[in-house]
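Student: Quick one, structure for this:
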Amino acid sequence: MNSTFFIILIVFIIGYCIIALEHPLKINKSATALLLGVLLWTLLIIGKDGAILPELFAKYNADGNFVTQVTKSELLHHLGEISEILFFLLGAMTIVELIDTYGGFKIITDKIRTTSKVKFIWILSILAFFMSAVLDNMTTTIVMVTLLRKLVAEKEDRWLFASVIVIAANAGGAWSPIGDVTTIMLWVGGQVSAGNIILKTFMASLISLVVPLIILTFITKGHFSRPSGTIMIQVEELTMPRRVSFFILILGIGLLLSVPVFKTLTHLPPYVGMLGALGILWVITELLNTKYVQEDDDETEHFKVSTIIRKIDTPSILFFLGILLAVAALQVCGHLTLLSQSLDNINLADNSKYFLISGIIGVLSSIVDNVPLVAGVMGMYNFEMNHYFWEFLAYCAGTGGSLLIIGSAAGVAAMGLEKIDFIWYLKKISWLVLVGYLAGAVTFIIQYMVFHF
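Tutor: Residues are numbered from 1 along each chain as shown. All right, here's what the predicted structure looks like:
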């Protein structure tokens, strides 16, 4: 290791702090994240002469030009993985916006009458917990936060509810083989079976959600206010028949639900299914427009996907791109490998050691993307399928990301949609998540020790 290795780490920490202090500094987090990603990869290339890690230099310099090899073998590889997430996010956000434009979500919001904060928190949490197990935590968050805008007027109330959705979506994704990227990795990699991960992690995931909800029940008081009539009627001013709104709602949700099924049947990446779902909905809505909207009517453009897609929060997608590029640079440079090896050197009895390793990875996943962390651990151990270590890793990596708002795909999506302040989340929500995270971990360990499964 040379000085560049440490410079890259320091720059990452500084960039991370600037992102966290977005509101006081008044610097958009997307700009910081993009600059951070580019800067880390630039430093990685510049530092080649001293060999950031001897293994990295030897691996690529032996095959020719170092810069060319790293760019082709590593940067393009990681950019491909990141693009899968970005296109998945783009497709999901467009489908949700399309349903919203056609008034589909109003059918649901009209059924939710309560303005009690406590009741509303429990309703949102239960919906998000089970939806994320079938869809995934990111798609669920996008759908649920979109609903919030129709129901809640005050910004800080929406921040609270959106944060609860993130906790519930991550908890729900952790016990499902298709609910989170890390559980998908472990399932596809043969470390866990679908039935076993549900059996072993459901109770721990549920407890990690219920404990924060119980605390919030006692400390949250009062009612929230609904949006004013002018806001609520924005979509109604340009209307489709109610039966069309209902059809688009059912079709859109059905297509979102079909994505994991498509992935299971074809073994193609989830983003392919999501783009296919968007294509189907796009064609159908174009046909509906010709029937229900006059060609010379101003409404025509309002209902077209080419117009709706402009509403997508592009800065959030660019933020995701930048932060994942930065983490990828850390992975290539060897920081994450070094971290994994350090964890493996913990001097404890096997059971305690592996529980502790998973627990630490869960906490770290709120800072560094959990995908490369879990990928590194998968390469380090050769436990048999359905070993308790894999299930506990799935729980920790899935729920630990909720500790910080930018610690999970669901959190990043919610932060982008509602512009949630990092420091606000850290003060108001992180301690609740930590209590739930530890309670769920204890539940898993007791379950293992008592029932040996």
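
Student: Next, the buried residues of the helix or strand hosting Trp431.
Tutor: Remark: Trp431 resides in helix 430-451, with elements defined by DSSP states H and E. Residues of helix 430-451 classed as buried: 430, 432-434, 436-437, 439-441, 443-445, 447-448 (neighbour count, 16 or more other Cβ atoms under 10 Å). Just so you know, the C-beta spots here come from the backbone N, C-alpha and C atoms, and that holds for glycine as well.

Student: tally of neighbours for Ala169?
Tutor: 40 (other Cβ atoms under 10 Å).

Student: how far out from the middle of the chain is the one helix or strand it maps to?
Tutor: Per DSSP H and E: Ala169 is located in helix 155-174. On the basis of Cα atoms, centre = their mean, to the nearest Å, helix 155-174 sits 11 Å off its chain's mean C-alpha point.

Student: Can you name the next helix or strand after that helix?
Tutor: helix 181-188.

Student: Doesn't Ile405 belong to a helix?
Tutor: No. Counting by DSSP: H, G, I helix; E, B strand; the rest coil, Ile405 falls outside a helix, being coil.

Student: For it, list the residues it contacts.
Tutor: 163, 166, 411-412, 414-415, 420, 422, 425-426, 429 (Cβ atoms under 8 Å, 6 or more residues apart in numbering).

Student: Next up, phi/psi of it, please.
Tutor: Main-chain torsions, Ile405, degrees, to the nearest 10: phi -60, psi -30.

Student: got it, and Ile27?
Tutor: Dihedral angles (degrees, to the nearest 10) for Ile27: phi -120, psi 120.

Student: For the stretch 351-453 of the chain, which segments are assigned as strands?
Tutor: Shown for the stretch 351-453 of the chain, no strands are assigned by DSSP state E, counting those that start in this stretch.

Student: The stretch 151-300 of the chain too?
Tutor: According to DSSP E, counting those that start in this stretch, the stretch 151-300 of the chain contains no strands.

Student: any low-confidence regions in it?
Tutor: The model of the stretch 151-300 of the chain has pLDDT under 70 over residues 178, 188-189, 228-240, 291-300.

Student: which residues of it fall in helices?
Tutor: Under the criterion DSSP state H, counting those that start in this stretch, the stretch 151-300 of the chain contains helices at 155-174, 181-188, 194-219, 229-232, 242-266, 270-292, 299-302.

Student: coming back round to it: now, the contacts of Ile405 that are in helices?
Tutor: 163, 166, 411-412, 414-415, 422, 425-426 (DSSP state H).

Student: As TSV, those residues with distance to Leu36 and neighbour count would be great.
Tutor: Formatted as TSV, the ones in helices among the contacts of Ile405 follow (distance: Cβ to Cβ, whole Å; neighbours: other Cβ atoms under 10 Å):
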residue	distance to Leu36	neighbour count
Ser163	24	27
Val166	23	31
Gly411	18	29
Val412	14	27
Ala414	21	30
Met415	16	27
Phe422	15	20
Tyr425	20	26
Leu426	19	14
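
Student: just curious, which of the residues you listed is nearest to Leu287?
Tutor: Of all these, Leu287 sits closest to Ala414, with 33.3 Å by Cβ to Cβ.

Student: Excluding chain neighbours, give the residue nearest to that closest one in space.
Tutor: Excluding the flanking residues, the one nearest Ala414 by Cβ to Cβ, 6 or more residues apart in numbering is Ala162, at 4.6 Å.

Student: Touching, the one you found and Glu418? I think so.
Tutor: Yes. With contacts counted by Cβ atoms under 8 Å, Ala162 reaches Glu418, the gap being 4.9 Å.

Student: Quickly list what's touching both of the two.
Tutor: Joint contacts of Ala162 and Glu418 (Cβ under 8 Å, 6+ apart) are 145, 148.

Student: between the two, who's got more neighbours?
Tutor: Taking other Cβ under 10 Å, Ala162 and Glu418 do not tie; Ala162 has more neighbours (27 against 20).

Student: got the contact list for the more buried one?
Tutor: 141, 145, 148, 414, 417-418, 420.

Student: Need the per-residue pLDDT for Thr443.
Tutor: Thr443 carries a pLDDT value of 93.

Student: I'd say it and Ile207 touch.
Tutor: Yes. Using Cβ under 8 Å, Thr443 is in contact with Ile207, at 4.6 Å.

Student: circling back to that earlier point, out of the helices of the stretch 151-300 of the chain, which one sits most buried?
Tutor: helix 155-174 (a mean of 28; mean count of other Cβ atoms under 10 Å).

Student: could you give the angle of that helix to helix 194-219?
Tutor: 150 degrees (axes from the mean of the first three to the mean of the last three Cα atoms, to 10 degrees).

Student: So Leu268 sits against Phe262, correct?
Tutor: Yes. Contact between Leu268 and Phe262 holds when scored by Cβ under 8 Å: they sit 7.1 Å apart.

Student: quick revisit: would you list the contacts of Ile405 in CSV and tack on distance to Glu286?
Tutor: Formatted as CSV, the contacts of Ile405 follow (distance: Cβ to Cβ, whole Å):
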residue, distance to Glu286
Ser163, 37
Val166, 34
Gly411, 34
Val412, 31
Ala414, 31
Met415, 33
Ile420, 35
Phe422, 40
Tyr425, 40
Leu426, 45
Ile429, 41
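
Student: pLDDT-wise, what's the bottom of the residues you listed?
Tutor: Comparing pLDDT over those, the lowest score belongs to Val412 (79).

Student: domains of this structure?
Tutor: Under the assignment automatic domain parsing, the domains of the chain span 3-74+315-451, 83-177+199-211+223-310.
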